[in-house]
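# Here's my sequence, what's the structure:
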Amino acid sequence: MQIIKTALLSYGMSGKVFHAPFLELHPGFELLGSWERSKKLIQEDYPEVKSFPSLESILEDKSIDLVIVNTPIDTHFEYAKKVLLAGKHAIVEKSFTSNVAEAIELAALAKEKGLKLSVFQNRRWDSELKTVKKILDSKLLGEIVEAEFHFDRYNPVLSPKVHKETVNSGSGIMKDLGPHIIDQALYLFGLPNAVFADIRFTRDQTVIDDYLDILLFYSNLRIRLKAGFFVREPNPSYVIHGKKGSFLKSRGDVQEDELKIGKKPNLTTWGTEKEGHEGLLHTEIDGKIIKEKVPTLQGNYYDFFEGVHQAIANDKTEPVTAQDGVNVMRIIEAAFLSNEQKKTIDL
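This is a model prediction of the structure:
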C-alpha cells in the first residue's frame, strides 16, 4: 500500500479532532506533523511527529505528499495555491475559498499540475445523511417534491475565536455552517436553476451574518436550507416529501462529540447513533401505507480519507472534488446577491 505522507497547517480543534485521528487510523497515511505558530501541541498527542515552524518549511519538505489546509477560511486560497504550486496534493476545509473566482483558480491549477485537490466535506459521511441518501436511492418516497435541511443550534453568545466574529472574507454562518447543508443538497440533488436567500444578523452585538434561509429552485423540486443560533428546540434536520410519502430524520451523528472527548475512531462500531434518533418513514409500498422507524446507517469520516487515498494512490476521482467546491461557492455567492437585491438569482 502506498503511504501518503501528510502535514496539517494547524493543530487546533479541526486538526486534533477531524484529521489526525483518521490519518492515524488509516494505514495508507503517515502524519508527519503540523505547522504550529504559538502553541506547540501536536507532539503531546503524537510524539513522533514534527512541529513545523512555518508554511515554507512544509512546502520545502520533499517527503510531504499531501497538505491539509485547515486554517481560517480567508487564508484557504493563498495557502492552497502555495501548496499546489509546491507540487503537493491538498485537502481544503470548507468553506473551500472566499469566492467563486478563487475556487475556479484552485481547481484549474490542480488540474494543470496533475494534483489531487479535495474539499473536506466530512458531513457527507454523517450517519443521518447516509441514511437520507439510502432512502432517496431506494425511491420509497416517489418523485421528490420538496426537501428542507436544517443545521440548527442554540448559542446566542459570540464566539471567543476573534476571526469568527470579525468581518472578513471568511466569517459568517453562510461560510461556516452553510457549506455543509449546501454541499449535501447538491450532493443529493445536483445544481439548482436558481437561488433565493434571506441572510440576517440576530445575535446581540454581532457584526457577521448568523442566520440563513436559502431556497433552491429546481424544475420540479424546491429545497430549503436553514441555519441559525436561536433554535432551542431543534426541527428535524432533514425533511423530505415525495409524491408517495415523507421521511424525517433528526441530527444524531455522534462522531464530532466523541472525537472532541478524545475517543479514537475504528472500522467496526464507530459512528453508531444512539437509540431514539431513528428516522421516520411514512409512505406507500405496493399499495400499503406504512409508518415506521428506519434504523440509522453508521457514519464514518474514515471513508473520506479512504477516498483521498484512492485518488492519490490509484488516480481515482477525489471523494469531494474541487468542482464540488466551486459549485458550493456559486450557491453562496448567489445567496449573498439574492439577499442584497431581494430577488431570485438565476444560475
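# who touches Lys343 in this structure?
Phe196 (CB atoms under 8 Å, 6 or more residues apart in numbering). Glycine gets a C-beta too; all of them are placed from N, C-alpha and C.
# sec struct for it, please.
Lys343 falls in the coil class when you classify it by DSSP: H, G, I helix; E, B strand; the rest coil.
# For it, report the pLDDT, please.
Lys343 carries a pLDDT value of 98.
# What of Lys164?
Here the pLDDT value assigned to Lys164 is 84.
# so how far is the helix or strand harbouring it off the chain centroid?
Taking DSSP states H and E as the criterion, Lys164 maps to helix 162-165. Going by CA atoms, centre = their mean, to the nearest Å, the spacing between the C-alpha centre of helix 162-165 and its chain's C-alpha centre is 19 Å.
# Can you mark which positions in that helix are buried?
164-165 (16 or more other CB atoms under 10 Å).
# so what's the nearest residue to Val231 once chain neighbours are set aside up against?
In this structure, Val231 finds its nearest non-sequential neighbour in Asp152, 3.6 Å apart by CB to CB, 6 or more residues apart in numbering. By CB under 8 Å, 6+ apart, the residues touching Asp152 are 226-228, 231, 234-235, 237.
# can you tell me which of those residues are in strands?
Of the contacts of Asp152, the ones assigned to strands by DSSP state E are 226-228.
# Residues touching the lowest-mean-pLDDT helix or strand in the chain, excluding its own?
Lowest on mean pLDDT, DSSP states H and E among the helices and strands of the chain sits helix 162-165, with a mean of 84. Contact partners of helix 162-165, identified using CB under 8 Å, 6+ apart, comprise 72, 74, 158-159, 170-171, 176, 206-208.
# can you do 10 Å?
71-75, 158-159, 168, 170-173, 176, 203, 205-208, 210 (CB atoms under 10 Å, 6 or more residues apart in numbering).
# among the residues you listed, which are in helices?
Using DSSP state H, the subset of the contacts of helix 162-165 located in helices is 173, 176.
# Give the PyMOL command for selecting the buried subset of the contacts of helix 162-165.
In PyMOL, a selection of the buried entries from these looks like this (16+ other CB under 10 Å):
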select buried, resi 71+72+73+74+75+158+168+170+171+172+173+176+203+206+208+210
